[in-house]
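Q: Compute the structure for the input listed below.
(one chain, ligands or ions: 1)
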Amino acid sequence: MSGHVLPVADGRQTAREVWRLSHGHRLRLAATGVLGIVSTGVDLIPPVAIGYLVDRVRTETAGLGTVLTVTAVMVVAAVLGAAGTAVTIVLATRTYHTILATLRERLVGRAMTLPQHVVERAGTGDLISRSSDDVTAVADAAPAVIPALTVTAFTIVVSLGGLAALEWPYAAALAVVLPVYVLAMRWYLRTGPRVYRAERTAMSARAQQILESQRGYATVLGFGLAGPRHRAVMTTSWEVAVQSVRARIVQSMLSARLNLGECLSLAAVLVVGFVLVGRGDSTVGGATTAMLLVLRLLGPVNELLFVIDTLQSALASLNRMIGVVTVPAERNGSGPATTAVRLREVVFRYGDGPPALDGVSLDIAPGQRVAVVGVSGAGKSTLAAVVAGIHRPEAGTVARPGRAAVITQEVHVFAGTLRENLTLAAPDATDRDIRAALDATGAADLLDQLPDGVDTAVGAGGHPLTDAQAQQIALTRLLLADPELAILDEATAEAGSTQAGPLDHAAGAALAGRTGLIIAHRLSQAAECDRIVVLDRGRIVETGTHHELVGSGGTYAELWEAWRAGQR
Ligand SMILES: Nc1ncnc2c1ncn2[C@@H]1O[C@H](COP(=O)(O)OP(=O)(O)OP(=O)(O)O)[C@@H](O)[C@H]1O
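A: Predicted coordinates for the structure are as follows:
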């Protein structure tokens, strides 16, 4: 199965796609960046002001006026810095969600057009989980990750710049401590996700045991299973306790590593400050500013390390989402102008079963209507699905026009208005187009039965429709979608004898002017087609016009006789 999973984008693809998605938001992003730098720059003022005050106090040149002025400057700077940072975070979050919404739209759009065989092989669950769980993971990461990322990134740059501007050895002292943080981060990324995953898995197992015991309460009592169920819940609960303790230990160990980094950073800057002040290269006020800058830096860095696992899993989800968006569009292998559909030696089987199609070759010219007939199980529906691109053959080639539409036996009426149902594949259709299409397929009568005409709600919870009406709607939808190739798999097979005529008429209208492949159960339909293909156990055994085949006295002639006898 793993060979067929949907692709996962790598870092470069994700970066490229995010850059593309940011189109139209780049000015706002740049403005957010500038505001972030300015706000963190303003945040530098309090440490510098305190350093200045320390020097003035040491040289005994500070009066009450100086203290008040410096305090006022600090208060203003703190308020401005906080306000600027808050606006930066709001702007960044908004842009993040806008880009995420666009990505989600693209993801859903791409998911809808993925070839069915791609989805089937990967498992529908994978696609659903990418468009739901992964989107949630990326969206939920926003409150934790965005402030930590934006504030930390700007704070690191601005504080290091500030330290270097004071005296470069201060910045160098921090650089020496950097490996402690890098090692802590690498250790946490290796360990954290694993223990959290184990904790979550243990919790799901416990929930599962409890739920099963509750749902199967009667069985548990009836078979005297209370003891084993109790033990199962106890075992899984104990596992949760063990895993939770492990997770908390990992968090404590991360805190210990961060404390070590903090301690070393402060000690390093203190020692450097001591030496610089001793040599007269820095004032005590300068050393104080340096210490305050380092203290300011430590908070955001710790915060970032604590959310790094959230960030990592959000990135993994993002890569999975972008993986779907970047699935290359399938080449349909559109047929050359003289053939609309061209199959060569097509073999298809369900799982390990015998071939449902066994070396089928078929050409359909543009505008031609070909009927497929055969006994039940001959492979007719499979052929329709292969031509439609729903199934991919294991051998042979299939070429079809770019715009193909299929109506299968399972006609579905979507919950919504009749108009929405009809314009699903033709969103630009006007009221006149809809009316004309309904007239053409003979479904206009339906409008009289609906209280609000085309705006009546149909489908689940709406106005009830008969199977024949649902098929008429499907045929009208096809007419509006205007595909080059229409594949009708038993579109009129459900019809009782009174409905057969109108539905045959509707099918004829929907097929007018386009290439058609019709799976004909009612042979009167086949008789009207340009050509008939007879399938038997996955092979084409006869092909010709109705008259040719009846005249040849083969399989079709027998089927025709049997069908006519049944009609009498
Ligand atoms: N989803 C499936 N899984 C396994 N085997 C299948 C599946 N669908 C069809 N088959 C098998 O493939 C063969 C061809 O089936 P197909 O439905 O294409 O025949 P058909 O001619 O359309 O039959 P009918 O007229 O009864 O619909 C049959 O042997 C059938 O049992």
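Q: What parts of the stretch 351-500 of the chain come near the ligand?
A: Residues of the stretch 351-500 of the chain lying close to the ligand (Cβ under 6 Å from any ligand atom) are Gly353, Ala356, Gly374, Ser376, Gly377, Ala378, Gly379, Lys380, Ser381, Thr382. Just so you know, the C-beta spots here come from the backbone N, C-alpha and C atoms, and that holds for glycine as well.
Q: Could you check how far the residue of the chain most remote from its centre is from Val48?
A: Relative to the centre of the chain, and counting by Cα atoms, centre = their mean, the farthest-placed residue is Glu60 at 65.7 Å. From Glu60 across to Val48, the span is 20 Å (Cβ to Cβ, to the nearest Å).
Q: For stretch 305-315, C-alpha coordinates in CSV please.
A: Output in CSV follows, covering the C-alpha atoms of stretch 305-315 (Å, rounded to 0.1, in the frame of the first residue of the first chain):
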residue,chain,number,x,y,z
LEU,A,305,11.9,25.5,21.9
PHE,A,306,8.8,24.5,23.7
VAL,A,307,6.7,24.8,20.5
ILE,A,308,9.2,23.4,18.2
ASP,A,309,7.4,20.0,18.2
THR,A,310,4.1,21.7,17.4
LEU,A,311,5.9,23.5,14.6
GLN,A,312,7.4,20.3,13.3
SER,A,313,4.1,18.4,13.2
ALA,A,314,2.4,21.4,11.6
LEU,A,315,5.2,21.4,8.9
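Q: Which positions within that stretch qualify as buried?
A: Going by neighbour count (16 or more other Cβ atoms under 10 Å), the buried part of stretch 305-315 is Leu305, Phe306, Val307, Ile308, Asp309, Thr310, Leu311, Gln312, Ser313, Ala314, Leu315.
Q: Which one of the residues you listed is nearest to the ligand?
A: Nearest to the ligand, judged by Cβ to the nearest ligand atom, of those is Ser313 at 36.5 Å.
Q: check contacts around the closest one.
A: Contact analysis of Ser313 by Cβ atoms under 8 Å, 6 or more residues apart in numbering lists Ala137, Ala141, Pro193.
Q: Surely the last one and Asp309 touch.
A: This means Pro193. Yes - contact criterion Cβ atoms under 8 Å: Pro193 and Asp309 qualify, at 5.3 Å.
Q: tell me the domain ranges of this structure?
A: What automatic domain parsing lists as the domains of the chain is 1-166+309-330, 168-281, 341-567.
Q: Quick check: which of the ones you listed is buried the most?
A: Mean neighbours per residue, mean count of other Cβ atoms under 10 Å, is largest over these for domain 341-567, with a mean of 18.
Q: what distance separates that domain from the centre of its chain?
A: Centroid separation between domain 341-567 and its chain, computed with Cα atoms, centre = their mean, to the nearest Å, is 32 Å.
Q: Residues contacting the strand or helix carrying Ala148, please?
A: Using DSSP states H and E, Ala148 sits within helix 142-166. Contact partners of helix 142-166, identified using Cβ under 8 Å, 6+ apart, comprise 32, 36-37, 39-41, 43-44, 47-48, 85, 88-89, 92-93, 96-97, 170-171, 174, 282, 286, 289-290, 293-294, 296-297, 300-301, 303-304, 306-307, 310-311, 314.
Q: Among those, which ones lie close to the ligand?
A: Applying Cβ under 6 Å from any ligand atom, the subset of these adjacent to the ligand is empty.
Q: Restricted to helices, list those.
A: Cross-referencing the contacts of helix 142-166 against helices under DSSP state H gives 32, 36-37, 39-41, 43, 47-48, 85, 88-89, 92-93, 96-97, 170-171, 174, 286, 289-290, 293-294, 296-297, 300-301, 303-304, 306-307, 310-311, 314.
Q: my read is Pro393 is in a helix, agree?
A: No - read with DSSP: H, G, I helix; E, B strand; the rest coil, Pro393 is coil and lies in no helix.
Q: ok, it touching Val346?
A: Yes - taking Cβ under 8 Å as the definition, Pro393 is a contact partner of Val346 at 4.5 Å.
Q: Quick check: neighbours shared by those two?
A: The overlap between the contact sets of Pro393 and Val346 (Cβ under 8 Å, 6+ apart) consists of Leu357, Val386.
Q: Nearest residue to the middle of the protein?
A: Ser131 (3.0 Å).
Q: Quick check: closest non-adjacent residue to that one.
A: What sits nearest to Ser131 in space, not counting adjacent residues and going by Cβ to Cβ, 6 or more residues apart in numbering, is Leu107, at 5.5 Å.
Q: in what helix or strand does the one you found lie?
A: Here Leu107 sits within helix 64-113, counting by DSSP H and E.
Q: Return the list of helices and strands in contact with that helix.
A: helix 11-21, helix 26-43, helix 45-58, helix 124-131, helix 133-140, helix 142-166, helix 284-325 (3 or more Cβ pairs under 8 Å, 6 or more residues apart in numbering; DSSP states H and E).
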